[in-house]
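Enquirer: Here is my input, please return the structure:
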Amino acid sequence: MAAGAPPPEAPLCVLVVDDDEDIVLNLAEGLEMCGHVVLTAHSAAQARAVMAGREDIGVVITDIRMPGEDGLKLAQQIMTGRPDEAAIEVVVITGHATVQDAAAAIRLHVFDFLPKPFTVDAAAEAVERGLARARSRRADGAHRRDLLRRTEEAERARAEMERLVGGAEGRLSAMPSGFAPAEALRRELHAISHALRTPLHAIAGGADLLKLRGGTLDDAAARDDMAMLQDGVQRAVEAVALVEELHRTDATPPGEEPAPLDLSLAITRLAQRLQRRDPPPEAALVVEGGAGVLVRCLPNDLRRVIDLCADSALAWASPGASVVLAAQPAANGMAEARFAVRASESGPDQPAPVLSDFARTQEDLRFAIARRLAERHGGSLTSTGGADGAMTMRLLLPAA
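Expert: Residues are numbered from 1 along each chain as shown. Just a heads-up that it's a prediction; the model follows:
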């Protein structure tokens, strides 16, 4: 928002400009009786002086014909180069205006015309509509500026992460091929790089389209472009948060053996939390498995790892698919939590579901964090399937 500009919801006032004192007086009194705060001026120079120290003027009503500088020149000065977050709508009073005057006013995007003689009611109606338009433009402008600020912050974060990734990849390249820790890090670094680059395509595309259209948020296409921007910024912010979490996640085993936790109960509570989301998941949730499946894991780690696995499964699932959550004993002293995506059955005339690419590889950031949490406790996380719209993630943790 411009320096000194009020928030979009702040009350806006009206400036009446005319060299005829009777018109100024009658119009000001009539608009004040309608509840408006009215400022007055009798020339373009006085109008500029009034406006110089204020950002709360939303509508200017000015006569076209005035001695010296006319109303069209004043309108041009008001509207040229003014950002939307400080928008002012201009209503011109026309008496003996020429066709050329009217054409010039239209080119300046003057909001409305008041042909003489006019009633106070007609002026009040034009002011109401003009103020509504000014408030809308100011709110849109402030929102757009905030989005662009967030876009710039996301781009700076992406550039910094790309610098860190590049440095780490250089160090990894010196390690022998097939060295297990290096391979795991390469996968995680690829996930980081991909997760930070992908949403910025939407950010850049939305910004370019909005710029090319040159429209306001009243345009349907511009609103679509802004939605693309919002989605890209949100995904970039989420990606940065996941990168930070991956960096913080400690793979060192706990100092003491954790107390037993009920994995089957944790899965049941997970399903309940997912159902309470707003909006709820589009995929159907199915809980399977017996009770009393115990594992040794820190409580916060267990909750986080199954949350991450469920989020990845839900992101993978197309509308109409089902996600099976199950807990059961496994071999070699382990217990298993299973997150299985089952694609919806397609009829003969129904196309196969189009799935998100969110979890198509094990390099997904959520998967990387969950895998690190599982390995911290001596477990593992694997993912199989996906070619036919079905996928299964198997989380193994030491049984208690």
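
Enquirer: What average pLDDT does stretch 320-338 get?
Expert: Stretch 320-338 shows a mean pLDDT of 92.

Enquirer: Number the chain from 35, please
Expert: Got it, the first residue is 35 from now on, which makes the last one we talked about stretch 354-372.

Enquirer: Mind listing what's buried along that stretch?
Expert: Going by neighbour count (16 or more other Cβ atoms under 10 Å), the buried part of stretch 354-372 is 355, 357, 358, 359, 360, 361, 364, 368, 369, 370, 371, 372. Backbone N, C-alpha and C define where each C-beta goes, glycine included.

Enquirer: Same question for stretch 118-132.
Expert: Buried, per 16+ other Cβ under 10 Å, within stretch 118-132: 118, 119, 120, 121, 122, 123, 124, 125, 126, 127, 128, 131.

Enquirer: which residues of the stretch 85-234 of the chain score low on pLDDT?
Expert: Low-confidence segments of the stretch 85-234 of the chain, defined by pLDDT under 70: 130-142, 191-234.

Enquirer: quick one, helices of it?
Expert: All helices of the stretch 85-234 of the chain, identified by DSSP state H, counting those that start in this stretch, fall at 105-113, 133-141, 154-207, 214-247.

Enquirer: buried stuff in stretch 344-353?
Expert: Applying 16+ other Cβ under 10 Å to stretch 344-353 flags 344, 345, 346, 347, 348, 349, 350, 351, 352 as buried.

Enquirer: tell me which of those residues is nearest to residue 160?
Expert: Distance to residue 160 across the buried residues of stretch 344-353 (Cβ to Cβ) is lowest for residue 349, with 50.4 Å.

Enquirer: separation between the closest one and residue 101?
Expert: Per Cβ to Cβ, to the nearest Å, residue 349 is found 68 Å from residue 101.

Enquirer: Same check on residue 290?
Expert: Taken as Cβ to Cβ, the span from residue 290 to residue 101 is 89 Å.

Enquirer: Check residue 83 too.
Expert: 17 Å.

Enquirer: And residue 64, by the same measure?
Expert: Taking Cβ to Cβ, one finds residue 64 at 24 Å from residue 101.

Enquirer: what do you get for residue 173?
Expert: 37 Å.

Enquirer: quick one, which of those two is more surrounded?
Expert: Higher neighbour count among residue 173 and residue 101: residue 173, with 17 against 9, using other Cβ atoms under 10 Å.

Enquirer: Could you list the domains of this structure?
Expert: By the assignment in automatic domain parsing, the chain contains the domains 47-152, 174-282, 294-432.

Enquirer: Strands along the protein, start to end?
Expert: 47-51, 72-75, 91-97, 123-128, 146-149, 294-296, 318-323, 328-330, 356-363, 368-376, 414-419, 425-432 (DSSP state E).
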